[in-house]
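>>> turn this into a structure:
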Amino acid sequence: MPADHEPVSPREVSEFLTEVLRLSRSGLPDDPAERLAFFERKADLLTRIAEGDGSDEARAVARAAREQLARVRAGQPPQSAQDRPRAWGA
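Numbers count the residues shown, from 1 in each chain. Below is the predicted model:
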């Protein structure tokens, strides 16, 4: 693992999942800075997990999180149209 990245602690994962649960109930923050901070945290955490894990699946998840962050930074929705879940029967 690169020297500038610390291993992910169980506490970090727990705190992030608590935040995800809260946001799943309330929705993403209206404040663009808060929304950006969430996606930066997500991308950082998943990238660090992938660096420690090394599996193709972990790297793919981290790459998707970084792409999502790039969309948010560009002022686009976090999900591209192709990433959005489709309605049942669609």
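
>>> okay, CA-based contacts and neighbour counts for the rest of this
Fine.

>>> out of everything not next to it in sequence, what's closest to residue 28?
residue 35 (6.4 Å; CA to CA, 6 or more residues apart in numbering).

>>> and the gap between the one you found and residue 13?
18 Å (CA to CA, to the nearest Å).

>>> could you do residue 40 as well?
Taken as CA to CA, the span from residue 40 to residue 13 is 14 Å.

>>> more neighbours, those two?
Higher neighbour count among residue 40 and residue 13: residue 40, with 18 against 15, using other CA atoms under 10 Å.

>>> what comes up buried for the helix or strand hosting residue 20?
For residue 20, the host element (DSSP states H and E) is helix 10-26. Across helix 10-26, burial judged by 16 or more other CA atoms under 10 Å covers 16, 20.

>>> ok now the helix or strand following that helix, how far from the chain's centre?
Sequence order places helix 32-53 as the next helix or strand after helix 10-26, per DSSP H and E. In this view, helix 32-53 has its centroid 5 Å away from the chain centroid, taken as CA atoms, centre = their mean, to the nearest Å.

>>> put the alpha carbons of helix 32-53 into PDB.
C-alpha atoms of helix 32-53 as PDB (Å, rounded to 0.1, in the frame of the first residue of the first chain):
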ATOM      1  CA  PRO A  32     -23.000  21.200  -2.900                       C
ATOM      2  CA  ALA A  33     -20.000  21.300  -0.600                       C
ATOM      3  CA  GLU A  34     -21.500  18.700   1.700                       C
ATOM      4  CA  ARG A  35     -22.500  16.500  -1.200                       C
ATOM      5  CA  LEU A  36     -19.000  16.700  -2.600                       C
ATOM      6  CA  ALA A  37     -17.500  15.900   0.800                       C
ATOM      7  CA  PHE A  38     -19.600  12.700   1.000                       C
ATOM      8  CA  PHE A  39     -18.500  11.500  -2.500                       C
ATOM      9  CA  GLU A  40     -14.800  12.400  -1.700                       C
ATOM     10  CA  ARG A  41     -15.000  10.300   1.500                       C
ATOM     11  CA  LYS A  42     -16.700   7.400  -0.400                       C
ATOM     12  CA  ALA A  43     -14.100   7.400  -3.200                       C
ATOM     13  CA  ASP A  44     -11.200   7.700  -0.700                       C
ATOM     14  CA  LEU A  45     -12.500   4.900   1.500                       C
ATOM     15  CA  LEU A  46     -13.200   2.500  -1.400                       C
ATOM     16  CA  THR A  47      -9.800   3.300  -3.100                       C
ATOM     17  CA  ARG A  48      -8.000   2.500   0.200                       C
ATOM     18  CA  ILE A  49      -9.900  -0.700   0.600                       C
ATOM     19  CA  ALA A  50      -9.000  -1.700  -3.000                       C
ATOM     20  CA  GLU A  51      -5.400  -1.000  -2.400                       C
ATOM     21  CA  GLY A  52      -5.400  -3.200   0.600                       C
ATOM     22  CA  ASP A  53      -7.500  -6.000  -1.000                       C
END
